[in-house]
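Asker: A predicted structure for the sequence below; I have some questions about it.
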Amino acid sequence: MPLLAEFIFTITVAVSGLHFIGLMTAAQIVSQKYTHIISSAIAAQESLIGLLLPPLVSVIAPNHNPSEWATVFYYIVAVLVLTNISFVVLTKIKPAKWTREDRGSIDTADSEMAVKQVE
């Protein structure tokens with residue numbers, strides 16, 4: 001049973017690598033000029049998970065035997081599969097409304113014309 005868990009875990013991690021590429025590409029498309037903020041939020045979430053995972057593993061696998069690690073791998077696989085499916089179902093790959101320019105602001109062409117008129 002632990003060998004099956006390791007195999008499924010390995011496949012899931014490989015697929016999640018592809019998912020991460022899609023996630024970062026989608027973040028760039030959705031957030032447009034605010035990509036740095038969204039990328040920072042994603043990095044903060046990943047760091048938090050990285051800090052919380054070792055204590056969680058020590059609770060699930062206190063003796064570190066193969067059957068306990070199989071349980072850890074199955075939990076991680078379940079989380080990765082659920083988050084990957086929810087990403088595919090819920091994500092709309094188009095610029096978010098909050099990234100659009102304000103219609104009332106002066107754009108670059110208008111400001112250049114105003115400068116020329118002043119000169």
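Answerer: Structure received.

Asker: for the longest helix along the chain, which positions count as buried?
Answerer: When the chain is parsed with DSSP state H, its longest helix is helix 2-31. Of all the residues in helix 2-31, those buried under the rule 16 or more other Cβ atoms under 10 Å are 5, 8-9, 12, 16, 19, 23, 26-27, 29-31. C-beta: built from backbone N, CA, C; applies to glycine.

Asker: against which helices or strands is the helix or strand just after it packed?
Answerer: Using DSSP states H and E, the next helix or strand after helix 2-31 towards the C-terminus is helix 35-60. Using 3 or more Cβ pairs under 8 Å, 6 or more residues apart in numbering; DSSP states H and E as the contact criterion, the elements in contact with helix 35-60 are helix 2-31, helix 66-90.

Asker: mind putting those in CSV, distance to Ile60 and mean pLDDT included?
Answerer: Converted to CSV, the helices and strands packed on helix 35-60 look like this (distance: least, Cβ to Cβ, whole Å; pLDDT from 0 to 100):
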stretch, distance to Ile60, mean pLDDT
helix 2-31, 12, 85
helix 66-90, 5, 88
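
Asker: right, and these - which one's nearest Ile42?
Answerer: Smallest distance to Ile42 across those (Cβ to Cβ): 6.5 Å, for helix 2-31.

Asker: list of residues touching stretch 25-32?
Answerer: 35, 37-39, 42, 91-96, 99 (Cβ atoms under 8 Å, 6 or more residues apart in numbering).

Asker: run the last query once more with 7 Å
Answerer: Around stretch 25-32, the neighbours that count as contacts under Cβ atoms under 7 Å, 6 or more residues apart in numbering are 35, 37-39, 42, 91, 93, 95-96, 99.

Asker: mind listing what's buried in stretch 83-98?
Answerer: Neighbour count says stretch 83-98 has Asn84 buried, by 16+ other Cβ under 10 Å.
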